[in-house]
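Enquirer: Quick one, what's the 3D model for this:
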Amino acid sequence: MPFLEDGSEKGLKGHFKEDFSHRTRQGMAPRAGHVDRSAPYKRIATEEAWTFPALVKAQLDYFNSGDAPDDDSLRMGAMFNHMPSLQDMLQDLGDLRIAHMDELGIDRQLLLLTAPGVQVVRPGEGTALAREANDIAAEACRNHPTRFSAMAAFDPRDVAGSVKELERAAGLGLNGAVLNSHFQGHYLDEPEYRPILEALEALDLALYIHPTAPYNAPHYEQRGFFGALGGFPHDVWLHTMGLVMSGAFDRFPKLRLVIGHLGECMPLHLYRFDWMQGNADGRTRPLIDGGEQIKLQHPTSYYFQNNIWITTSGCGWEAGIKFCQQVLGPDRVIYAMDYPYQQSSDELAAYDRMDMTPEVKKMLMEDNARAVFRIRG
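Expert: A predicted model of the protein is given here:
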């Protein structure tokens, strides 16, 4: 966790403030600056975390019961749930969150149920908790229609229940769906979960795959790479590439997938993905798909340029953002902050200073989010 508790200051810093000391030593921290309060774009932040008491209780009860499997995602959830200042911010969908948004310069948040979500609770409880989450999120959007949009939660372990809940969430006006990556080592590229992908495409709901603790994580944890330094991005990498190589986007060509943190470094490897595609293309993968031979209709890079969007969560670095805009297209890169885990008004000021045309800057900060997540108003 890149945060220090600090109760000595008022406002946002009275809860959590980011420790930028290591980044300053590396020379990559954004220099101090003032957010442009009259910028010609709205700032829509698209990976902004939240949770609610019943889910916190369900995670802790299962973790403490002795009945839970050895699941590092559940253990991570228990750790987060013992951080009261963090929970204050995650569980507030009203005045406190909006005050922080105003302080930072954020016009609208896209709410994502935070990792590990509903997919780690007792079997049979996840879909009911997803339903409660989606009702809470929809109510927050109704109460603050100009400040919040939200992604729907679902528990993929319950395939039929997930499809029904996604249908219901679309009727509530939610703006897509969020999955906190693997669920006890399973991923959506496995054939039994195709009805979920089919429903997402049919309902015109973008899927956001957000990181969680990696499956079989001890080798990460022993080296200090459990979270954002390694385990988080690698698990989303596996999930995303699994979907690509499974032919998911050939079966569901209108399916929209969004991943954060500048695409978990994957845009940097598009050339190599295309070159090495034959290592997976057309080969049998009996542990995943029962031996079905899948040959993609396009190079790997095609799917990144047609079905996948990336957000900038936690990566407010101009050079990296511009690279992704260049190789994916300026319409495929979307601003995100990663509240409350990473937050800085200096970072917002750095976005204001980025050397882009006004049109591209507005696409980054506002227009792309509206298009991909169907945000109105």
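Enquirer: Going by C-alpha atoms from here, please, whenever you check contacts or count neighbours.
Expert: Will do.
Enquirer: Tell me the confidence at residue 325?
Expert: For residue 325, the pLDDT comes out at 98.
Enquirer: who's in contact with it?
Expert: Listed by C-alpha atoms under 8 Å, 6 or more residues apart in numbering, the contact set of residue 325 reads 331-333.
Enquirer: Out of those, which comes closest to residue 45?
Expert: Closest approach between the contacts of residue 325 and residue 45, by C-alpha to C-alpha: residue 333, at 12.1 Å.
Enquirer: show me where the stretch 101-250 of the chain has strands.
Expert: Counting by DSSP state E, counting those that start in this stretch, the stretch 101-250 of the chain has strands at residues 108-113, 148-150, 152-153, 177-179, 207-209.
Enquirer: Partner strands of the shortest one and their direction?
Expert: Partners of strand 152-153 in the sheet, by DSSP bridges, are strand 177-179 (parallel).
Enquirer: Just checking the distance from the strand it pairs with to the centre of its chain.
Expert: Computed by C-alpha atoms, centre = their mean, to the nearest Å, the chain-centroid distance of strand 177-179 equals 8 Å.
Enquirer: Identify all contacting residues around that strand.
Expert: With contact meaning C-alpha under 8 Å, 6+ apart, strand 177-179 is reached by 112-113, 117, 151-154, 166, 205-210.
Enquirer: Now with 7 Å, please.
Expert: 112, 151-153, 205-210 (C-alpha atoms under 7 Å, 6 or more residues apart in numbering).
Enquirer: go on, stretch 146-166?
Expert: Defining contact as C-alpha under 7 Å, 6+ apart, one finds that stretch 146-166 is touched by 107-113, 118-119, 126-127, 130-131, 133-134, 137, 140-141, 169, 174-179, 193, 196, 199, 377.
Enquirer: Quick check: ChimeraX command selecting the buried ones in those.
Expert: This is the ChimeraX syntax for the buried subset of the contacts of stretch 146-166, where burial follows 16 or more other C-alpha atoms under 10 Å:
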select :107,108,109,110,111,112,113,118,119,126,127,130,131,133,134,137,140,141,169,174,175,176,177,178,179,193,196,199
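Enquirer: The top helix by length along the chain vs strand 108-113, what angle?
Expert: When the chain is parsed with DSSP state H, its longest helix is helix 126-143. On the basis of axes from the mean of the first three to the mean of the last three C-alpha atoms, to 10 degrees, helix 126-143 is oriented at 160 degrees to strand 108-113.
Enquirer: and helix 126-143, what's its mean pLDDT?
Expert: 98.
Enquirer: same question, stretch 52-63
Expert: 97.
Enquirer: Just the C-alphas of it, formatted as CSV.
Expert: This file holds the C-alpha atoms of stretch 52-63, laid out as CSV (Å, rounded to 0.1, in the frame of the first residue of the first chain):
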residue,chain,number,x,y,z
PHE,A,52,-19.8,-1.4,1.6
PRO,A,53,-20.3,-2.9,5.2
ALA,A,54,-22.0,-6.2,4.3
LEU,A,55,-19.2,-7.1,1.9
VAL,A,56,-16.5,-6.2,4.4
LYS,A,57,-18.3,-8.4,7.0
ALA,A,58,-18.7,-11.3,4.6
GLN,A,59,-15.0,-11.2,3.7
LEU,A,60,-13.9,-11.1,7.3
ASP,A,61,-16.3,-13.7,8.5
TYR,A,62,-15.2,-16.2,5.8
PHE,A,63,-11.5,-15.4,6.3
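Enquirer: residues in contact with it?
Expert: For stretch 52-63, contacts defined as C-alpha under 7 Å, 6+ apart pick out 68, 74-75, 77-78, 81, 91, 121-122, 129.
Enquirer: Between which two of these is the distance greatest?
Expert: Distance extremes for those: the farthest pair is 68 and 91 at 24.3 Å, using C-alpha to C-alpha.
Enquirer: Verify the contact between residue 106 and residue 39 for me.
Expert: No - under the criterion of C-alpha atoms under 7 Å, residue 106 makes no contact with residue 39, lying 11.4 Å away.
Enquirer: ok, now which ones touch residue 331?
Expert: 363, 368.
Enquirer: one more time with 8 Å, if that's ok
Expert: Contacts of residue 331 (C-alpha under 8 Å, 6+ apart): 325, 363-364, 368.
Enquirer: And the contacts of the longest helix of the chain?
Expert: So helix 126-143 is contacted by 51-52, 54-55, 93-94, 111, 113, 118-120, 147-150, 152-155, 158, 161-162, 165, 169, 172-174 (C-alpha under 8 Å, 6+ apart).
Enquirer: State the distance from the nearest residue to residue 292 once chain neighbours are set aside to residue 290.
Expert: Excluding its sequence neighbours, the residue lying closest to residue 292 (C-alpha to C-alpha, 6 or more residues apart in numbering) is residue 284, at 5.8 Å. Separation of residue 284 from residue 290 (C-alpha to C-alpha, to the nearest Å) stands at 8 Å.
Enquirer: In terms of packing, which of the two has more residues around it?
Expert: Neighbour totals were compared for residue 284 and residue 290, and residue 284 leads with 14 against 11 (other C-alpha atoms under 10 Å).
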